[in-house]
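# Any chance you could fold what I've pasted below:
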Amino acid sequence: MKVVGVGCGPGMLTDKAACVISSATLIYGSARAIDLARPVIRDRCEVHEITDYRALRALPADAVVLSTGDPMLAGLGYLGGEVVPGISSMQVAFARLGLSLVKAAVVTAHGKDHAAAVRETAEEVGRGRIVFLIADPEFSVQGLAAALPEETGLAVCENLGYPEERIALGTAARPPSPVSGLFVVVAGC
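Here you go, the predicted structure:
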């Protein structure tokens, strides 16, 4: 099995990812991942939208699994096999904000305990780190802001790489609010 990062938005496929995808005869991915890779999926390739993530480990050796962003950043890299990196939302967010990645800490709240993610973010910001928080539509930026010192910089980065990309800046005292369900938060910026 090969797990291929398709980037976090349109036009972010690497040459290596495009080569692997265009050579594949069997592809699995989320609807969004398939849409991002569609320009390089060849005719007659068997393409399946993933309906059961637990069944992915049983896929045949020649299967290519598409992962949005980078497979090793809260993606499908845990499946094993060969991993082809992709351009992550973290890379794009930090580039858009002009931030170096060397002080970054990653926290994921996507489908996880939001209260634990808020605590971890507050701890990392307290250590002087810039936190890249992977959110889900239910995550409360206002709840995160309430756990941080008022002067802490916050950025909500939405739909990164898409035409409707939006980055809203604020502080913990005046936190930005997401307007879509596809967003990440950068805290301590």
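# Spell out the residue ranges of the strands in the protein.
Taking DSSP state E to define them, one finds strands in the chain at 2-5, 26-29, 46-49, 64-67, 82-84, 104-108, 130-134, 153-158, 166-171, 183-187.
# List of residues touching the third one?
What it means is strand 46-49. 25, 26, 27, 28, 29, 30, 31, 34, 41 (CB atoms under 8 Å, 6 or more residues apart in numbering). Heads up, the C-betas are built off the backbone N, CA and C, glycines and all.
# go with 6 Å
Residues external to strand 46-49 that are found in contact with it (CB atoms under 6 Å, 6 or more residues apart in numbering): 26, 27, 28, 31.
# ditto for the fourth one
Residues from elsewhere that reach strand 64-67, judged by CB under 6 Å, 6+ apart: 2-6, 24, 27-29, 33, 37, 75-76.
# Just the buried residues of that strand, please?
The neighbour-count criterion (16 or more other CB atoms under 10 Å) identifies 64, 65, 66, 67 as the buried residues of strand 64-67.
# How far away from the center of its chain is the longest helix anywhere in the chain?
If you go by DSSP state H, the chain has its longest helix at helix 114-126. Using CA atoms, centre = their mean, to the nearest Å, the distance from the centre of helix 114-126 to the centre of the chain it belongs to is 18 Å.
# Stretch 164-176 too?
Relative to the chain's own centre, stretch 164-176 is displaced by 18 Å; criterion: CA atoms, centre = their mean.
# wait, which of the strands of the chain is closest to residue 92?
Put simply, out of the strands of the chain the one that sits nearest residue 92 is strand 153-158, at 7.7 Å, with distance taken as CB to CB.
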